[in-house]
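Chemist: Let me see the structure of the following:
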Amino acid sequence: MGIELNHTIVGARDKHESARFLADVLGVEVGAETGPFVPVVLDNSATLDYMSQSDVRPQHYAFLVDEARFDEAFGRIRDAGIAYWADPGHQTPGEINHRWGGRGVYFDDPDGHNMELLTKAP
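Modeler: Down below sits the predicted model:
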């Protein structure tokens, strides 16, 4: 077997709220709570396992999506009034980027994690 990411733990003040936020943006379901984790399962079976923590240190999570899924997710971001940026440093508000011939957007989750959707990767 090759190497693949299986899961990562994502710290959250409220694991249910944060998992639901991401699942809603991506258009996927929140998995069943298992022990201290609330999983969001991606199409490649990797999971983001949300775990409640009092001290959350924001991280960056990037999701490679196809054009149709980008349109759907970006529409949900705009419809929900979620602030978004074209860059990871949040210097270009209200815009998307066109890196590598695709589209990308950054937005924060409820805990300040810097989430990214992109249609092309380098």
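Chemist: Report the contact partners of Val25.
Modeler: Contact partners of Val25, counting by Cβ atoms under 8 Å, 6 or more residues apart in numbering, are 73, 76-77, 80, 82, 107, 115. The C-beta positions use only the backbone N, C-alpha and C, and glycine is treated the same way.
Chemist: What of Tyr84?
Modeler: 74, 77-78, 93-94, 96, 105-107.
Chemist: Turn these into JSON lines, including secondary structure.
Modeler: Shown next, in JSON lines, are the contacts of Tyr84 (DSSP: H, G, I helix; E, B strand; the rest coil):
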{"residue": "Phe74", "secondary structure": "helix"}
{"residue": "Ile77", "secondary structure": "helix"}
{"residue": "Arg78", "secondary structure": "helix"}
{"residue": "Pro93", "secondary structure": "strand"}
{"residue": "Gly94", "secondary structure": "coil"}
{"residue": "Ile96", "secondary structure": "coil"}
{"residue": "Val105", "secondary structure": "strand"}
{"residue": "Tyr106", "secondary structure": "strand"}
{"residue": "Phe107", "secondary structure": "strand"}
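Chemist: Type out the PyMOL command that picks the buried ones from the contacts of Val25.
Modeler: The PyMOL selection below is limited to those of the contacts of Val25 classed as buried (16 or more other Cβ atoms under 10 Å):
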select buried, resi 73+77+82+107+115
